[in-house]
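Engineer: Fold the following, please.
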Amino acid sequence: MKSRPGNTTPSPLNAAMQDLRGLFMGAGAFSIAINVLMLTPALYMLQVYDRVLASRNTTTLLMLTLIMLGLFALEALLESVRARAMIRGSAALDLRLGPQVFNAALQHTLLGRGGNAGQALGDLGHIRQFLTGKGLFAFFDAPWTPVFLLVIFLLSPWLGLFALVAALLLLVLAWINERATAAPLGEANKEAQTASHFASSNLRNAEVIEAMGMLGALRQRWLQRQSRMLVQQALASDRAATVGAYTKFLRMAFQSGVLGLGALLVIDNQLTPGGMIAASILLGRALAPVDAAISHWRGLVSARGAYERLNNLLQAHPAAPERTALPRPQGLVLAENLVVAPPGVRQPVLKGIKFGASPGMLVAVIGPSASGKSTLARALVGVWPPLSGTVRLDGADVHQWDKAELGPWIGYLPQDVELFEGTVAENIARFGASEDGKIVQAAQRAGVHEMILRLPQAYETPIGEGGTALSGGQRQRIGLARAMYGSPALIVLDEPNANLDEAGDAALVEALREMKRENCTVFVMTHRLNVLSVVDAVMVLANGSIQAYGPREAVLKAMPQRPLPAQAGPDKTLTNEATA
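Structural biologist: Here you go, the predicted model:
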């Protein structure tokens, strides 16, 4: 793969492979020795037929046999060392690129570019497996085919010409195999990825599928994609099988034919019997790499496709450059002409909005559905890059801030709460170095400490993949504790009370008061009114624009049909008319 135009720096994958040049050169050197040792059977048979049988000397036979066994043992040792070296080199490649591939797959998903995020890690594994498989060694051994042909020419020009024709015919079949299978295999891989992504993305909603009888329709759509993959794969396999059958026929015919031609030359006193047997063995060694390359061609094509996909991914999402570490922010938020659209979409949801929030301010963001509240939440924490404008936290662009450094100072509770497989404590601690005091403190801030203690294993309770062992309200409250873990300077809560009961609502209000006491800046996107009783300011969004922003009392007084926060119960929500 080439680097981007104008960029002389190799991609991370190309750079990693270049760093393995020493390993490949070493493997090549071992291949030289191994292929030289592969001459042993031919030389042994030549000596046995032409010297031992003629002299009937058993001592010579014994010595030749011992030498042959020693050389075979050396060949086996070298092959073992070569394989072990490639295994360790491929593992080093995986360890080096794994974190970058993981990060790039995450960025690819965040930018909404589709595809299966796990495919990238699968591609890396596919390259690693190819580097340790027999297919790669076949390509290491292939350059030795001319050497074996040369030795056959030295035994007999006629046998050498015969072997050369055999090798050329098998090479032509290898080229035909590549031309015949490359396109359908490429299409089959694309369709397989599409079908896998469709299945994994839809089967996450197993409850909805089961409850509303959608399985048949979704399965049919998956089958359509799977069928297209199977058609292309069958086409490639049929062609490969046909070429493989012809290859096998020709290889067997040539290996037997060289014996027949050799016998004719022996009868005509142009060759010794030992030379005839040696030529047959050498022809087998000469054709073996070509035959192996044809057999492993599909693996080569798949590895090449994985390499190209991985290279493109790493080039599209390069590792972030090292930046000067910034101190903990105080929580001053400033949005400057902010224009934001979902990744991959050019139609903006937020249209040039401007606002600011002082450290420790609690801001409620209200508005009808599709007004841009969730988009603003993602922009505030730097998840979605703006089309133009910036969100600044203490003067620094949050999208450009190193997320590993910014993350501990940010708390985020998305509308669709995502918990991860692990314990309650691990989820609250964000899977970092857990400190029991901070975990319990975050749970107490969020008002979930008592709830967690009632779980089967309290903080050590496994929550299952996606938090399936918990109710929606429990997941939301634990997600709130995760957002409040540590010492965040900015917390963004998107519909934090959507799944909460009255007790949960009360705990949320108390948690917001606690954050205010700790001088943490908080943005709450909400439809429910009880939260308004504790906020300092209210922002009203409609059609991606700010309709009103200011102190709570001033904004609520200016709103038609305004509700009073003190009178609002936990189940009351803002109407579209009230927020227009």
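Engineer: Okay, now the unreliable bits of the protein?
Structural biologist: 1-9, 112-118, 200-211, 214, 320, 466-467, 560-580 (pLDDT under 70).
Engineer: Buried residues, stretch 241-255. List them.
Structural biologist: Burial within stretch 241-255, assessed by neighbour count using 16 or more other C-beta atoms under 10 Å, is assigned to 243, 244, 246, 247, 250, 251, 254, 255. All C-beta atoms are positioned from the backbone trio N, CA, C, and that covers glycine.
Engineer: hang on, the last one is in a helix, isn't it?
Structural biologist: Yes - read with DSSP: H, G, I helix; E, B strand; the rest coil, residue 255 is one of the residues of a helix.
Engineer: quick one: it from residue 233, how far?
Structural biologist: 32 Å (C-beta to C-beta, to the nearest Å).
Engineer: try the second one
Structural biologist: Plainly put, residue 244 is 15 Å away from residue 233 if you go by C-beta to C-beta.
Engineer: Same question for the third one.
Structural biologist: Distance, residue 246 to residue 233, by C-beta to C-beta: 21 Å.
Engineer: and residue 523, what element?
Structural biologist: strand 521-525 (DSSP states H and E).
Engineer: can I see the domain layout of the protein?
Structural biologist: As recorded under automatic domain parsing, the domains making up the chain are 12-316, 333-575.
Engineer: ranking these by burial, who's on top?
Structural biologist: Ranked by mean neighbour count under mean count of other C-beta atoms under 10 Å, the domains of the chain are led by domain 333-575, which reaches a mean of 18.
Engineer: Identify the spatial nearest neighbour of residue 151, chain neighbours not counted.
Structural biologist: Leaving out its chain neighbours, the residue that sits closest to residue 151 by C-beta to C-beta, 6 or more residues apart in numbering is residue 282, at 5.7 Å.
Engineer: Could you check which helix or strand contains the one you found?
Structural biologist: Going by DSSP H and E, residue 282 is part of helix 273-295.
Engineer: where exactly do the helices run in the stretch 451-580 of the chain?
Structural biologist: In the stretch 451-580 of the chain, the helices defined using DSSP state H, counting those that start in this stretch lie at 472-483, 502-517, 552-558, 576-579.
Engineer: ok and the second one relative to helix 472-483, angle-wise?
Structural biologist: When axes from the mean of the first three to the mean of the last three C-alpha atoms, to 10 degrees is applied, the directions of helix 502-517 and helix 472-483 differ by 10 degrees.
Engineer: just checking, what packs against helix 502-517?
Structural biologist: strand 362-366, helix 436-445, helix 472-483, strand 521-525 (3 or more C-beta pairs under 8 Å, 6 or more residues apart in numbering; DSSP states H and E).
Engineer: any idea of the angle it forms with strand 521-525?
Structural biologist: Going by the same axes, to 10 degrees, helix 502-517 makes 150 degrees with strand 521-525.
Engineer: quick check, nearest of the buried residues of stretch 241-255 to residue 93?
Structural biologist: residue 244 (30.5 Å; C-beta to C-beta).
Engineer: mind listing what the closest one touches?
Structural biologist: Residues near residue 244 by C-beta atoms under 8 Å, 6 or more residues apart in numbering: 177, 294, 295.
Engineer: Dump those into TSV; add distance to residue 390 as well.
Structural biologist: Listed next are those as TSV, based on distance: C-beta to C-beta, whole Å:
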residue	distance to residue 390
177	55
294	57
295	57
